[in-house]
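> what follows is a predicted structure for the sequence shown.
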Amino acid sequence: MNLVSVRIITANMVNMVKFYEKITGIQATQYTPDFAELQTPTATIAIGSTKTLLLFGGEGIAEPAENRTAIIEFLVKDVVKEFERLRDFLSSSVVQEPTTMPWGNTSLLFRDPDGNLVNFFTPVTKESIEKFMSVMQ
């Protein structure tokens, strides 16, 4: 089994797609006004409007801007450089500036337009670098 995608449901497709394009540097493929994807080398960020919930059984199955448990994480080459690049853009949404965590990653934590937590991280200890070696190429 392989995790290939995380889908974010939003009431504001335009803002959410622009936000993820800006932070990742990846242009989204907008299949319809209600569905877009940003393809990274290892997984896809899918963004769906609340209208897409009807295809999955009804509007009540997910609520945009209500996530309080998941963190969307991106492995980046240099989290400090990414922070410098995005500092002005993220100024009002930074939760934690780059900080080295006990498990060996330096992390930048911020929120997307719907309040979802996003983590950019760079492995910095030998163990953490070894753990992510295959996807750091």
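Noted; the coordinates are in hand. Numbering: from 1, shown residues only.

> show me the chain divided up by domain.
1-60, 70-137 (automatic domain parsing).

> now the ones you listed as TSV including mean neighbour count and mean pLDDT?
For glycine as for every other residue, the C-beta is placed from the backbone atoms N, C-alpha and C. Putting the domains of the chain into TSV (neighbours: other CB atoms under 10 Å; pLDDT from 0 to 100) gives the following:
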stretch	mean neighbour count	mean pLDDT
domain 1-60	15	95
domain 70-137	15	96
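
> look up the closest residue to the most centrally placed residue in the chain, ignoring the ones flanking it.
In the chain, the centroid-proximal residue (CA atoms, centre = their mean) is residue 72; its distance is 4.3 Å. Distances taken as CB to CB, 6 or more residues apart in numbering put residue 118 closest to residue 72, at 5.0 Å, once the chain neighbours are dropped.

> what separates stretch 103-116 from the chain centre, distance-wise?
8 Å (CA atoms, centre = their mean, to the nearest Å).

> with stretch 25-40 instead?
Taking mean C-alpha positions (CA atoms, centre = their mean), stretch 25-40 and its chain are 13 Å apart.

> send me it as PDB with only the CA atoms.
Output of stretch 25-40 as PDB, limited to C-alpha atoms (Å, rounded to 0.1, in the frame of the first residue of the first chain):
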ATOM      1  CA  GLY A  25       6.600  26.500  -6.500                       C
ATOM      2  CA  ILE A  26       4.500  23.900  -8.400                       C
ATOM      3  CA  GLN A  27       1.700  24.900 -10.800                       C
ATOM      4  CA  ALA A  28      -1.500  23.200 -10.100                       C
ATOM      5  CA  THR A  29      -3.400  21.200 -12.700                       C
ATOM      6  CA  GLN A  30      -6.900  22.600 -12.500                       C
ATOM      7  CA  TYR A  31      -9.100  19.800 -13.900                       C
ATOM      8  CA  THR A  32     -12.400  21.600 -13.100                       C
ATOM      9  CA  PRO A  33     -13.300  24.800 -11.200                       C
ATOM     10  CA  ASP A  34     -13.900  22.500  -8.200                       C
ATOM     11  CA  PHE A  35     -10.800  20.200  -8.300                       C
ATOM     12  CA  ALA A  36      -7.000  20.800  -8.700                       C
ATOM     13  CA  GLU A  37      -3.800  18.800  -8.000                       C
ATOM     14  CA  LEU A  38      -0.200  19.700  -7.300                       C
ATOM     15  CA  GLN A  39       2.100  16.800  -8.100                       C
ATOM     16  CA  THR A  40       5.200  16.500  -6.100                       C
END
